[in-house]
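# Give me a model of this one.
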Amino acid sequence: MTRELSPVETAKAAAGRRSVDFIEDGMRVGLGTGSTAAFMVRALGERVRKEGLNITGVPTSSQTAELARQEGIRVVALDEAKWLDLTIDGADEFDGDLNLIKGGGGALLQEKIVATASDRMIVIADLAKEVACLGAFPLPIEVVPFGWKTTKLLVEEALDPLDVLGREVTLRMSGDRAFITDNGNHILDLHLGRIADARQLGHMLNQIPGVVENGLFIDICDMVVIGHGDGRVEVRDYSTGDVEKGRIDFPEPDNIFTDIGS
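Below is the predicted model:
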């Protein structure tokens, strides 16, 4: 059964398909988590099957690992791969300096570990994810379950003097229970509205006992591939300043629209 892609799905699929053009034979590739990353994984699987592309994938979540295996992509743990040539992942927000908020799907810790163990990181996103200032999307932080309420209080106190619009901190839920990450931790979402100094905030959060990692990705990403609802794509390489524009021609719909996560 097939169907037309919505404009948002088209944008995500276009970004995902364009991004896999940067993957070369023999590479070790970090595979991101989320709906946009799912399109990328499926497009990569298509290359593996049609071209015989020989790559090794390191997934950032159990969801991505399962999808990659279904697509015929060889999957290994980061400890086996050790270092990666490239990581491709989505983002919840990115600004003009290519700083990111990630973790809407709850995989921010593994996503950051994999991204920082890579020579390069490419972000894939639709145009709506580009913002002038980070913070409209709630900033996730991963915290250990032990004493999480105390950790929450410490985070709220630490936010008080900072230049942000809001200071509400909520525990992420899955139904009537706390959301549990792949690492057995909780997620606190910080509803800040605007983050004036993302670097300062990220450093401050990671000094709080109980905080494992935060969803601010600073100076990690090198390139962004932006998809549009009509199939156009824009590639911005921040290392060179180059901007490339094009369009993706999609094959007949198969399962390209199938997402994982959000």
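
# can you point me to the longest strand in this structure?
strand 118-126 (DSSP state E).

# Just the buried positions in whatever helix or strand residue 111 lives in, please.
In this structure, residue 111 is located in helix 108-116 according to DSSP states H and E. Within helix 108-116, the residues scored as buried using 16 or more other Cβ atoms under 10 Å are 108-112, 114-115. No exception for glycine: its C-beta is placed from N, CA and C like everyone else's.

# Then stretch 91-100?
So stretch 91-100, judged by 16+ other Cβ under 10 Å, has buried residues 91-95, 98-100.

# Redo those as TSV? Include secondary structure and distance to residue 67.
Below are the buried residues of stretch 91-100 laid out as TSV (DSSP: H, G, I helix; E, B strand; the rest coil; distance: Cβ to Cβ, whole Å):
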residue	secondary structure	distance to residue 67
91	coil	19
92	coil	20
93	strand	24
94	strand	23
95	coil	29
98	coil	26
99	coil	27
100	strand	22
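
# Show me the two of the residues you listed that sit farthest apart.
The span of those, defined through Cβ to Cβ, is set by 92 and 98 at 13.8 Å.

# which one is residue 94 nearest to, not counting chain neighbours?
residue 100 (5.0 Å; Cβ to Cβ, 6 or more residues apart in numbering).

# Phi, psi for the most centrally placed residue in the chain please.
The residue lying closest to the centre of the chain (Cα atoms, centre = their mean) is residue 90, at 3.5 Å. Main-chain dihedrals, residue 90, degrees, to the nearest 10: phi -90, psi -180.

# Quick check, pLDDT for the closest residue to it other than its chain neighbours.
Closest residue to residue 90 apart from its sequence neighbours, by Cβ to Cβ, 6+ apart: residue 36 at 3.8 Å. If you check residue 36, the pLDDT there is 97.

# could I get the host helix or strand of residue 36 in CSV with only the CA atoms?
Per DSSP H and E, residue 36 falls inside helix 35-51. The C-alpha trace of helix 35-51 is given here as CSV (Å, rounded to 0.1, in the frame of the first residue of the first chain):
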residue,chain,number,x,y,z
SER,A,35,11.4,10.8,11.9
THR,A,36,13.8,12.6,9.6
ALA,A,37,16.6,10.2,10.4
ALA,A,38,14.3,7.3,9.5
PHE,A,39,14.0,8.6,5.9
MET,A,40,17.8,8.8,5.8
VAL,A,41,18.2,5.2,7.0
ARG,A,42,15.7,3.9,4.4
ALA,A,43,17.5,5.9,1.7
LEU,A,44,20.8,4.4,2.8
GLY,A,45,19.4,0.9,2.8
GLU,A,46,18.3,1.5,-0.7
ARG,A,47,21.8,2.3,-1.7
VAL,A,48,23.2,-0.7,0.1
ARG,A,49,20.8,-3.0,-1.8
LYS,A,50,21.0,-1.4,-5.2
GLU,A,51,24.7,-0.4,-5.3
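
# So which residues make contact with the very next helix or strand once past it?
Heading C-terminal from helix 35-51, the first helix or strand you meet, by DSSP H and E, is strand 56-59. For strand 56-59, the external contacting residues (Cβ atoms under 8 Å, 6 or more residues apart in numbering) are 27-31, 33, 41, 44, 65, 68, 73-78, 81, 84, 114.
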